[in-house]
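K.L.:
I need the structure of the sequence given here:
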Amino acid sequence: MYYSHFGLTGPPFQLTSSPAQLYMSKEHREAYAALEWGLLHEPSGFTVLIGEVGTGKTTLALAILARQYENVRTAYLSNPKLTFEEMVKVIMKQLGIKTQRRSKLADLEAVNDFLCALKPGARAVIMMDEAQGLNDETMEQLRLLSNSGKPDEKQLHFVFIGQPELLRRLTNPSLRQLEQRIGAKTVLNPLQRAECHGYIEQRLQVVNGAAERIFKPGALRYLVRHSGGIPRRINVLCHNAMLLAYSGGARMVDTRMVEAAVTEYDSLFSTLRAQAPGGNGAPVRRWLGRVLESAALRMLALARTLNPHEIRVLDEEPESAAEAQTDGVALEKPGPMVHTS
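P.N.:
The predicted structure is shown next:
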């Protein structure tokens, strides 16, 4: 694999969510604390985490679930397109709830009995990812489900994780009862410039690498500037730029390679926005994942346009006057992207 070319022990910029690779920026620490409060203490029944596509919401959720808090039983749902009855069955399976009868009423009674049997202070928490894809009827049914259990103790809690449109959805009059039940809301914003550098460095350190050994200074600045502070976009750009360097036999990534990776990425997503299948949620996310993985092959084809004889390792990379003037400029924000959370 290409990563061995750089002396790394594994791929540093994987596209899948992994709690082991969680980078705790200031925003991530605050969002993590909010999720933890929701799991352990929030009495209202609902917590909401909002973030743009690719900011790391799912990674945070998986990191929280990996903690396995005492007195907290958890379930995780990632497909908002399931019917309410299907969601209840998934919740029951993950919580170990069984019933001999097969009906919606029997399932709801089984959930209620399970909650009532919990010892004092214990609770069940349901994390709903891609929550912006829930329809109004399902949201209302989940609100009603949250009333299950002992009447004097809120034992069932929901954590909705979604994109900014979820907040807009919750302002609809039809969802006013649910909106009033939400006790904690938090927003996960993109990384700042220094945090982008820290994120890249952490990813490389995990696989025995360092940014200064792989990216030339100008290339790293260009990449961070065009990342928009979105961790997933950083992963894709770093991966593709390193792939270009590998295919050309270069030991370091230069600005030309990062420019090519940015151009290819923007071109790819322009095509995706025009051709993406309708709807949100897990099917689109899986489809997008396959497309992003195939982008590596496109980058290899693009590498042929770079003359490998001209790619050589330089002690210092010359910078253009325009690039040198951008150190104090804010990050360039990426355009609208396919929703993948």
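
K.L.:
which residue sits closest to residue 198, ignoring its sequence neighbours?
P.N.:
Spatial nearest neighbour of residue 198, chain neighbours left out: residue 23 (7.0 Å); criterion: CB to CB, 6 or more residues apart in numbering. Every residue, glycine included, has its C-beta placed from N, CA and C.

K.L.:
list the contacts for the residue positioned nearest the centre of the chain?
P.N.:
The chain has residue 56 as the residue nearest its centroid, 3.4 Å off, counting by CA atoms, centre = their mean. Contact analysis of residue 56 by CB atoms under 8 Å, 6 or more residues apart in numbering lists 17, 22, 23, 28, 188, 231, 232.

K.L.:
scan those and report the most crowded one.
P.N.:
In terms of neighbours by other CB atoms under 10 Å, these top out with residue 231 at 26 neighbours.

K.L.:
that residue is in contact with residue 53, isn't it?
P.N.:
No: look at residue 231 against residue 53 with CB atoms under 8 Å: they stay out of range, at 10.5 Å.

K.L.:
ok, the residue nearest to residue 198 to residue 127 distance?
P.N.:
Per CB to CB, to the nearest Å, residue 23 is found 20 Å from residue 127.

K.L.:
ok now do the residue nearest to residue 160 when sequence neighbours are not counted, which residues does it touch?
P.N.:
Spatial nearest neighbour of residue 160, excluding adjacent residues (CB to CB, 6+ apart): residue 131 at 3.9 Å. Contacts here follow CB under 8 Å, 6+ apart; on that basis residue 131 touches 48, 80, 160, 161, 162, 166.

K.L.:
go ahead and build a PyMOL selection from the buried members of those.
P.N.:
Buried subset of the contacts of residue 131, written as a PyMOL selection, criterion 16 or more other CB atoms under 10 Å:
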select buried, resi 48+80+160+161+162+166
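
K.L.:
and which of the contacts of residue 131 is nearest to residue 100?
P.N.:
Distance ranking of these against residue 100, using CB to CB, places residue 80 first at 29.3 Å.

K.L.:
can you give me the strands in this protein?
P.N.:
Secondary structure of the chain, counting by DSSP state E: strands at 46-51, 72-77, 123-128, 156-162, 182-188.

K.L.:
confidence-wise, which of the ones you listed is weakest overall?
P.N.:
Lowest mean pLDDT within these: strand 182-188, at a mean of 91.

K.L.:
chain center to that one, what's the gap?
P.N.:
Strand 182-188 has its C-alpha centroid displaced from the chain centroid by 17 Å (CA atoms, centre = their mean, to the nearest Å).

K.L.:
one more: stretch 224-233?
P.N.:
Between the centre of stretch 224-233 and the centre of its chain there are 13 Å (CA atoms, centre = their mean).
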